[in-house]
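Asks: Sequence plus predicted model, see below.
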Amino acid sequence: MNGNEEAVSAQQRRTVSWVVAIATIALVFDGFDLVVYGTVVSTLLRDPNQLGTLDPAQAGALGSYALMGVLVGALAAGAVGDHLGRRRIMIAGIIWFSVGMGLTAMAGSVASFGIFRFLTGIGVGALVATAGAVVAEFAPRGRRNFYNAVVYSGVPAGGVLAALLAIGLLNVVGWRGLFWIGALPLLFLLPMALAKLPESPAWLLSRGRIEEARQVAARTGVVLDLPAGGIARAGEIHAEKIGAEKVQAERVGFAALATRRYALPTLLLGLMSFSGLLLTYGLNTWLPEIMGQFGYGKEYALAFLLVLNAGAIAGGVVASISADRVGAKPVVTTTFLLAGVAMVLLTLGLPFPVLAALTAVAGVGTIGTQVLIYGLVSNYYTSNARGAGVAWCAGFGRLGGIFGPLVGGFLMAAGVRNEVAFYVFAAVAVLGAAVTTFVPRRNDAPDADLRHELEPATANN
């Protein structure tokens, strides 16, 4: 490798580091928003002086309002993201989310709390739908599952942060203080993104903006995959090599998802995300309450939430390494099934250390599985459809996230035995595993680079 190539490689490493850091921090606060409501829901249920009288069914509905917003935000980002670009959507999402968290902290009634949670969710949806597309278009080949896992592990990391802060600060700053913490990205992440987040050269290329793509690639050191299957290093992009007219003629965004090439995979990937997010949001909202009704005190109940998300972080990264080596499809199937087994075993009244270990496994199989799904989806589509594909899975999947808190709330309100909730969630995990088996094999996949995404890689591949 000559000196120039080393300089280009160093440029790309720096660029990828900044992109991954910004996207990860954004999703840490997504995870914080996901879990912080679960840490305060018991307080809101038991103290009508906070927002007013609240019953479990209403609490479950409140937990779903943010997810409805995420659905709207993700689909809106998918509709415009492949047209406007990754950078603009990321920056808009950071601003919107932060302002929404601050408004929620000032809510004075159940109604206003629900409205602000919905509005916050719109910003969250834009971030979740765009982060995977950004990372997929900057990460080097052979490491895309790993980098996506790092970024989307920000979600359970935010859950851990929320649980820790609730344990240490809830009695000091109250639930409003926890939501004010969620507004902090406006102060530090927004300036970071404005200064260090470039537009994706791959997106520019997909829009036929050849000269801009060349300039950004030269500045960032990004190596581009050309539509014809070749590779262009920084400064080596020429319109005649890539067929600019063909690029500009490709269907973009949701229109591309409706083609024969993507229709069936998009449906199946959406159902996978639906299952993963139903489990993620259902457990993060109701696990403390369920374990509390099993006889564990408030601190122990929150500790289960902490273990759930900590297990997802470690397990998600390890599983992503396995996915790069043996393929994402068998790994996702396995983690879904592990979640189902773990949740059934959680009903058996085992000693606390065993229950904690099973909770960690459940975290790997629910939140960790969703991390893997985002990685698979982000790398499944070409750049003209990537934003819409990730947005579809984030948006349609959020329907599962909406049902998760609602299912838990209805079960609690109906007074059924606590273990029934675990049985229901385990059944959803098995369903997710079944859907995963029908995702098309790599020979049906759109990109040659999907060798590592769906099936085991060949030697040195």
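Replies: Cool, got the structure.
Asks: Which helix or strand contains Glu419?
Replies: helix 418-436 (DSSP states H and E).
Asks: Show me what that helix is packed against.
Replies: Contacts defined by 3 or more CB pairs under 8 Å, 6 or more residues apart in numbering; DSSP states H and E place helix 418-436 against helix 263-293, helix 328-345, helix 383-414. Using the backbone N, CA and C atoms, a C-beta is placed for each residue, glycine as well.
Asks: in the first one, what's buried?
Replies: Of all the residues in helix 263-293, those buried under the rule 16 or more other CB atoms under 10 Å are 265-266, 268-292.
Asks: And the strands in this structure, which stretches?
Replies: 224-225, 231-232 (DSSP state E).
Asks: Burial check on the spatially closest residue to Ala360 that is not a sequence neighbour, number of neighbours?
Replies: Spatial nearest neighbour of Ala360, excluding adjacent residues (CB to CB, 6 or more residues apart in numbering): Gly311 at 2.9 Å. Look at Gly311: counted by other CB atoms under 10 Å, it has 26 neighbours.
Asks: so Gly311 makes contact with Ala362?
Replies: Yes: here Gly311 reaches Ala362: they are 7.3 Å apart, a contact under CB atoms under 8 Å.
Asks: May I ask you to name the longest helix in the protein?
Replies: Counting residues, the longest helix found in the chain (DSSP state H) is helix 3-46.
Asks: Figure out how far it is from the centre of its chain.
Replies: From the chain centre to the centre of helix 3-46 is a distance of 10 Å (CA atoms, centre = their mean, to the nearest Å).
Asks: Also compute the angle for that helix relative to helix 263-293, please.
Replies: Angle of helix 3-46 versus helix 263-293, following axes from the mean of the first three to the mean of the last three CA atoms, to 10 degrees, is 50 degrees.
Asks: I'd like the average pLDDT over helix 3-46.
Replies: Taken as a whole, helix 3-46 carries a mean pLDDT of 78.
Asks: Tell me what angle that helix forms with helix 383-414.
Replies: Put simply, helix 3-46 runs at 20 degrees to helix 383-414, going by the same axes, to 10 degrees.
Asks: Excluding covalently adjacent residues, which one is nearest to Phe29?
Replies: Per CB to CB, 6+ apart, closest to Phe29 is Pro185, 5.4 Å.
Asks: Next, find the distance separating that neighbour from Ala193.
Replies: The spacing between Pro185 and Ala193, counted by CB to CB, to the nearest Å, is 9 Å.
Asks: Also Leu277?
Replies: For Leu277 relative to Ala193 (CB to CB), the value is 25 Å.
Asks: Around the residue nearest to Trp286 when sequence neighbours are not counted, count how many other residues there are.
Replies: In space, and not counting its chain neighbours, Trp286 is closest to Gly408: 3.5 Å by CB to CB, 6+ apart. Using other CB under 10 Å, Gly408 has 27 neighbouring residues.
Asks: Spit out the contact partners of Gly408.
Replies: Neighbour list for Gly408: Gly60, Gly282, Thr285, Trp286, Glu289, Ile290, Ala421 [criterion: CB atoms under 8 Å, 6 or more residues apart in numbering].
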